[in-house]
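Peer 1: Sequence first, then the predicted structure:
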Amino acid sequence: MRSAEEIRERYEKLGEQVGPGVTVVAATKYVSVDEMSVLAEAGIELVGENRAQDLAAKHARYATSFRWHFIGHLQSRKASQVSELSELCHSLASESALARLTIPALVEVNLSGEESKSGVSPAQLEGFLARSDEAGVEVRGLMTMPPLATDPEASRPYFRQLHELADRFGLAELSMGTSQDYYVAVEEGATYVRVGSVLWN
């Protein structure tokens, strides 16, 4: 973990790179509870947590220090807890979670078809959005995780496809891009990028 000053410099530089239309979500999956204090000192405003139990532990100590998003796999049994602690869920992808979530959400779309990844398929998206509307969940946009690749350009077709799907259904927000490929995601219309290592490693 770098110093608060170094993280602040990287955070500000990243904000300039992505531009005013893109929100930087600091992904804190590998940041300990104690290390969160460094992020607060660095001026990080918005954090994204992957696990509900880690979200609860970090929120308990730093509730008012950050705005909180949930960006990991959403288990239906954790949806109520995530709703209590977060302002936005990036990873709504199941009917069971849909029934319990009470905060705005982005629907996770599995564009690669990989069985290891969560998300609804593009073919299922229209029906899922309709059921979300019936359930009273505010869907603001879409999220995706492209296949792991060494070349950031390999992610571009997936980001482009997600943007096309969002346009098709009139959704404004796109959560796509991590430390490795965030700049490609921004070029393809991301409104949220989820980055961690680029800030503090």
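Peer 2: Cool, got the structure.

Peer 1: phi, psi of Gly141?
Peer 2: The phi/psi pair for Gly141 (degrees, to the nearest 10) reads phi 180, psi -160.

Peer 1: tell me the contacts of it?
Peer 2: Counting by CB atoms under 8 Å, 6 or more residues apart in numbering, Gly141 touches 106-107, 166, 171-175, 191. (C-beta placed from N, C-alpha, C; glycine too.)

Peer 1: Now render these as CSV, adding neighbour count and secondary structure.
Peer 2: CSV is the format used below for these (neighbours: other CB atoms under 10 Å; DSSP: H, G, I helix; E, B strand; the rest coil):
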residue, neighbour count, secondary structure
Leu106, 27, strand
Val107, 29, strand
Ala166, 23, helix
Leu171, 19, coil
Ala172, 10, coil
Glu173, 19, strand
Leu174, 27, strand
Ser175, 28, strand
Thr191, 19, coil
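
Peer 1: Closest one to Thr28 out of the residues you listed, please.
Peer 2: Distance to Thr28 across the contacts of Gly141 (CB to CB) is lowest for Ser175, with 15.4 Å.

Peer 1: Contacts only, for that closest one.
Peer 2: 25, 71, 90, 106, 141-144, 190-194.

Peer 1: if we go to 7 Å?
Peer 2: Residues near Ser175 by CB atoms under 7 Å, 6 or more residues apart in numbering: 90, 106, 141, 143, 192, 194.

Peer 1: got it, and Tyr62?
Peer 2: Tyr62 touches 36, 40, counting by CB under 7 Å, 6+ apart.
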